[in-house]
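A.B. asks: quick one, what's the 3D model for this:
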Amino acid sequence: MRRKSGFSLVELLIVVSILGLLVTMVMPSLGRVRALAKRTVCGTSLSAASKGLSTYAVEYGGRLPTCGYGPSASRFDRMGWDVTSNPPSVESNSRNLFLAVRTGLDFVPPAALICPATSDKSALQESGGHRHYDFDTGTGSAFKSKCSYSYHLQFRSSADGSRGYPLTLTSDQSLPVLADKNPFVKYPGTDYYANSVGFGSDDPKTTNSRNHPRLSGDNIGGQNVAFLNGSVRWVTSPTVGPGGDNIYTVWSDDDKSGGTLAEDSMPKDKTDGILVP
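C.D. replies: Numbers count the residues shown, from 1 in each chain. Predicted coordinates for the structure are as follows:
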């Protein structure tokens, strides 16, 4: 007797099971490949932004973007977007970086400051008739971050009358300029100044940016960092500044690799490279 063509139910079930097993095995690999691709694009974006900052410095007497040190600046986390609604935010560190975006000369395209591994959206200079002068917009549930990276903090305590540590093209070439966002600072958006600073159970010597979630088989994670010499590196430790300086904290006495961070943290020296929003 001649057998009918086609698959039996048992054979179909076996094929479906095998396909399901293959999908289960392949999907984590595909997710890892996508994440690695986003890391690479992130590094490319930082490289473009870093080159733009260098071009800006050439045009402005060798100094990288800074609005200057305000007379009452005592915190690095000031933020805002409308000149008329929140004047104190002129002392935001991210506003310094925004100078390279809003000049109209395309030193740094806003899209270059967005990490593809995040949900951040590009900043617009004009919106709703208001002129932006910082990356972060809105308050409460309307708060939105429009920059995925942290920028070198050039402020310092003004107790002795000094205004800051200007970052120039002749500064220490191993200083970090831009990096994936500082993991110890976040803005939940409840109001302009609401933030969270603190390590909790995290070790500041090893905690990396949260822009890039840890991958399977990669329990350390890391961040892309752009340095003043123009190089961009993926690093698995935040202690990559001058002399092993932690790029996400300020020195604690002689401790460069660990350090501390609070709302009023300022660099302890011109080579204390701390990057904050």
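
A.B. asks: the nearest residue to residue 184 once chain neighbours are set aside and residue 272: what is the separation?
C.D. replies: Nearest non-adjacent residue to residue 184, counting by C-beta to C-beta, 6 or more residues apart in numbering: residue 261, 5.2 Å away. Backbone N, C-alpha and C define where each C-beta goes, glycine included. Using C-beta to C-beta, to the nearest Å, residue 261 is found at 12 Å from residue 272.

A.B. asks: cool, and residue 265?
C.D. replies: 10 Å.

A.B. asks: between those two, what contacts are shared?
C.D. replies: Residues touching both residue 265 and residue 272 (C-beta atoms under 8 Å, 6 or more residues apart in numbering) are residue 250.

A.B. asks: would you state the helices of the stretch 151-277 of the chain in chain order?
C.D. replies: Counting by DSSP state H, counting those that start in this stretch, one finds no helices in the stretch 151-277 of the chain.

A.B. asks: got the contact list for residue 228?
C.D. replies: Residue 228 makes contact with 167, 169, 171, 172, 173, 174, 175, 176, 177, according to C-beta under 8 Å, 6+ apart.

A.B. asks: and if we set it to 10 Å?
C.D. replies: Applying C-beta atoms under 10 Å, 6 or more residues apart in numbering, we find residue 228 in contact with 50, 53-54, 57, 64, 152, 167-177, 273.

A.B. asks: now do the SS call for residue 35.
C.D. replies: Here residue 35 is helix, with the state taken from DSSP: H, G, I helix; E, B strand; the rest coil.

A.B. asks: next: the one 10 residues further on.
C.D. replies: Classification of residue 45 using three-state DSSP returns helix.

A.B. asks: over to the one 10 residues further on?
C.D. replies: The three-state label given to residue 55 by three-state DSSP is helix.

A.B. asks: check residue 41 too.
C.D. replies: Using three-state DSSP, the structure places residue 41 in helix.

A.B. asks: where does it land on pLDDT?
C.D. replies: In this model, residue 41 is scored at 91, pLDDT.

A.B. asks: go ahead and confirm it touches residue 117.
C.D. replies: Yes - between residue 41 and residue 117 there is a contact under C-beta atoms under 10 Å: 8.5 Å.

A.B. asks: more neighbours: these two, which one.
C.D. replies: Neighbour totals were compared for residue 41 and residue 117, and residue 117 leads with 20 against 15 (other C-beta atoms under 10 Å).

A.B. asks: residues in contact with that one?
C.D. replies: Contacts of residue 117 (C-beta under 10 Å, 6+ apart): 34-35, 37-39, 41-42, 148, 180, 209-213.

A.B. asks: buried stuff in stretch 231-246?
C.D. replies: Across stretch 231-246, burial judged by 16 or more other C-beta atoms under 10 Å covers 232, 235, 237, 238, 239, 240, 241, 242, 245, 246.

A.B. asks: can you tell me the closest non-neighbouring residue to the third one?
C.D. replies: Residue nearest to residue 237 in three dimensions, not counting chain neighbours: residue 206, with 6.6 Å by C-beta to C-beta, 6+ apart.
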